[in-house]
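Engineer: just to be clear, the model below is a prediction. Sequence and coordinates:
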Amino acid sequence: MEFKELIEKRRSIRSFEENVTVTEEDVRKIIYAAQQAPSWKNSETGRYYIAVSQEMIEKLRTECLAEYNRNNTKNAAAIIVTAYVSNRSGFERDGSATNERGNEWGAYDLGLQNMNLIMAARDIGFDTLIMGLRDSAKLHELFGIPEEQHVMSVIAVGKRAAEPEKPVRKNFEDIVKMF
């Protein structure tokens, strides 16, 4: 798919088709794309915990997501929990923050990786929904996520059951100041 078409066709999907599966090869392609994103000093602090079995998907949905997102993830083929290692991206070797943003750089880097991830998923025929309404402590427990990793988002992966409308975007003039 051409890049312009890819960015125009990608949508946040809240209704997934039933009986869709994601293969290990699909997951490898998606995560490989995520890894190609830039990161502070090439620190690559993004980490991914992926539920692919129906049992684990249902456990994650019912125990770790807000009710609103439980409904939105029905029939998801996989659910990816994204996290980053704290105190590395945006930090010096002695542990001091390089600038005033500190761990925000880890979140920024993971955002770049997640964008690559969702675009790669779309490129190979899957759709996604990024969610921030989740129980981080329960996700840490369910997946054995180390304490030094910050859970940022949960991303449902599947195939869209309906074609959502393209949302209206702000005008260029409303968001850009050129000097």
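Structural biologist: Okay, I see it.

Engineer: any idea whether the closest residue to S12 other than its chain neighbours is helix, strand or coil?
Structural biologist: Nearest in space to S12, with sequence neighbours left out and distances taken as CB to CB, 6 or more residues apart in numbering, is L129 at 5.2 Å. Every residue, glycine included, has its C-beta placed from N, CA and C. Secondary structure state of L129, per DSSP: H, G, I helix; E, B strand; the rest coil, is strand.

Engineer: neighbours of L129, just the number please.
Structural biologist: 23 (other CB atoms under 10 Å).

Engineer: which residues pair with it across the strands?
Structural biologist: A156 (DSSP bridges).

Engineer: list the contacts for it?
Structural biologist: If you count contacts by CB atoms under 8 Å, 6 or more residues apart in numbering, L129 has them with S12, I13, R14, N69, N72, T73, A76, I155, A156.

Engineer: closest to S43 among those residues?
Structural biologist: The nearest member of the contacts of L129 to S43, counting by CB to CB, is I155 at 21.2 Å.

Engineer: the closest one against G132, yeah?
Structural biologist: No: assessed by CB atoms under 8 Å, I155 is found out of contact with G132, at 10.5 Å.

Engineer: compare these two (neighbour count), which wins?
Structural biologist: Neighbours per residue (other CB under 10 Å) separate I155 from G132, with I155 holding more: 23 against 10.

Engineer: before we move on, which element is the closest residue to that one other than its chain neighbours in?
Structural biologist: Distances taken as CB to CB, 6+ apart place I80 nearest to I155, at 4.4 Å, with adjacent residues excluded. I80 belongs to strand 78-85 when assigned by DSSP states H and E.
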